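> any chance you can model this:
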Amino acid sequence: MDEVRQEDGFAGESGAAKVKERLQKRNQARIEDAERRKEEKESRCVAEEKDEYFSKTFSRERELIEELLSGCCGADRAEATQRLEEAAARTVQLQKFLSDSVLFLTQYELRQSQAALQKLQTSLAETREKALPKKKFAFRARSKAADKVSAASPEAASPAAASGEVDGAAASEQCGFSNMDKEFLTKTSEEIQKRDMLLTHLSNCRVRLFGSPSTLHLKHIDNCEILCGPVSSSVFVDHCRNSTLGFPCQQLRTHNTTDTQVYLHVTSRAIIEDCRGVSFAPFSWSYPTLDEDYSVSGLDRDRNNWSQVDDFNWLAAGTPSPNWSVIPEEDRKTSWDP
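Next up is the predicted model:
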């Protein structure tokens, strides 16, 4: 009888221990669930705060840049130059701010911001053309002289050789080539470093840009081969056909382009719109000061998303866009200059 009571006592103690253990586990689960909900709420609040901060900061900075550019109209040469320099510096910083914010932006917000930034950079280049017109005759004379030297040896096209045939002030205001056919065109690092490059209305040309420009704009390019050193911010391509392009950059936006190969190093994701027959491969051009120009540009050489392309005209999830492709390895160009 005593043995039965003793066994019942042990059973009671064991049952109580199990009940206590279950209650402790349940309480712990409630605590963990409460902590998880708290973290989720805090995470949402942080994301909302980040989004609101980005939106306000981006809009405010964009408005400041637009004011600087609009103030160039009617301003004297000195004031216009100062405004353009400040606008260019602010645009580069705005590009960096956007790149740093990509992780928490929605696709819609990212596209809207990229479109706004592209509009600013195009406006900057166009305002520079209008407010600080080049001395066209001197520029063309210098370009042809430089081309003759470059055709013999690209590295031989020194600033000293060019400076004797062009006004120094005019050369510093804008950098680029326009309205040329069947020419071999080059720019040295000293000519383009940290400036905005504009190449427009070129046909059947070979172009070599040694250095690190701030931005690169290519418009109305037909049957050309254009290679450029590391671009610290964005490359914009519009109305290009039957061409081969090569450059490293932070961002690429390509519009209205057909049957064109792009040898690319890009640290974000390439974007195409209204394009067809565009193909991509890794950037493979090299020249003696490429390492130095990468350092100047600030681009991450270990981060290359050359095959990550977003087609804004192709919204079918899970199905590859028919408007772009990867160049097969056996078809990629590896030798660029004689």
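> can you give me the neighbour number for residue 52?
By the criterion of other Cβ atoms under 10 Å, residue 52 has 10 neighbours. C-betas here are computed from N, CA, C, even on glycine.
> element containing it, please.
Taking DSSP states H and E as the definition, residue 52 sits inside helix 2-70.
> following element in sequence after that helix, please.
Helix 2-70 is succeeded, C-terminally, by helix 77-100 (DSSP H and E).
> quick check: what element follows that following helix along the chain?
Past helix 77-100, the next helix or strand by DSSP H and E is helix 107-131.
> that next one vs helix 77-100, what angle?
Using axes from the mean of the first three to the mean of the last three Cα atoms, to 10 degrees, one finds that helix 107-131 and helix 77-100 are set 160 degrees apart in direction.
> what is the least confident helix or strand in this structure?
Counting by mean pLDDT, DSSP states H and E, the weakest-scoring helix or strand in the chain turns out to be helix 159-163, with a mean of 33.
> what about stretch 16-35, average pLDDT?
Mean pLDDT, stretch 16-35: 76.
> show me how far that stretch is from its chain's centre.
In this view, stretch 16-35 has its centroid 52 Å away from the chain centroid, taken as Cα atoms, centre = their mean, to the nearest Å.
> kindly export that stretch (C-alpha atoms) in CSV.
C-alpha atoms of stretch 16-35 as CSV (Å, rounded to 0.1, in the frame of the first residue of the first chain):
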residue,chain,number,x,y,z
ALA,A,16,3.5,18.7,-12.4
ALA,A,17,7.0,19.1,-13.8
LYS,A,18,5.7,18.4,-17.3
VAL,A,19,3.0,21.0,-16.9
LYS,A,20,5.5,23.5,-15.7
GLU,A,21,7.8,22.8,-18.6
ARG,A,22,4.9,23.2,-21.1
LEU,A,23,3.9,26.6,-19.5
GLN,A,24,7.5,27.8,-19.6
LYS,A,25,7.8,26.8,-23.3
ARG,A,26,4.5,28.5,-24.1
ASN,A,27,5.6,31.7,-22.2
GLN,A,28,8.9,31.7,-24.0
ALA,A,29,7.2,31.3,-27.4
ARG,A,30,4.9,34.3,-26.5
ILE,A,31,8.0,36.4,-25.6
GLU,A,32,9.8,35.4,-28.8
ASP,A,33,6.7,36.2,-30.9
ALA,A,34,6.3,39.6,-29.2
GLU,A,35,10.0,40.3,-29.9
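> residue 123 - how many residues pack around it?
Counted with other Cβ under 10 Å, the neighbours of residue 123 add up to 16.
> is it true that residue 294 touches residue 231?
No. Residue 294 is beyond contact range of residue 231, at 10.8 Å (criterion: Cβ atoms under 8 Å).
> neighbour count for the two, which is higher?
The residue with more neighbours, out of residue 294 and residue 231, is residue 231; 28 against 17, by other Cβ under 10 Å.
> what residues are up against the more buried one?
Residues in contact with residue 231, defined by Cβ atoms under 8 Å, 6 or more residues apart in numbering, are 197, 212-216, 247-250, 297.
> if we can go back for a sec, shared neighbours of residue 294 and residue 231, anything?
Common neighbours of residue 294 and residue 231 (Cβ under 8 Å, 6+ apart) are 212, 248.
> how close does the residue nearest the centre of the chain get to residue 237?
The centre of the chain sits closest to residue 251, judged by Cα atoms, centre = their mean, with a distance of 1.5 Å. As for residue 251, its distance to residue 237 is 12 Å (criterion: Cβ to Cβ, to the nearest Å).
> equivalent analysis for residue 322, please.
Look at residue 322 and residue 237: by Cβ to Cβ, they are 19 Å apart.
> neighbour count: the two, which is higher?
Shown here are residue 322 and residue 237; by other Cβ under 10 Å, residue 237 has more neighbours (26 against 11).
> element containing that one, please.
Using DSSP H and E, residue 237 falls within strand 234-241.
> give the next helix or strand downstream of that strand.
Criterion used, DSSP H and E; the element after strand 234-241 is strand 244-249.
> that next one vs strand 234-241, what angle?
With the same axes, to 10 degrees applied, the angle from strand 244-249 to strand 234-241 works out at 170 degrees.
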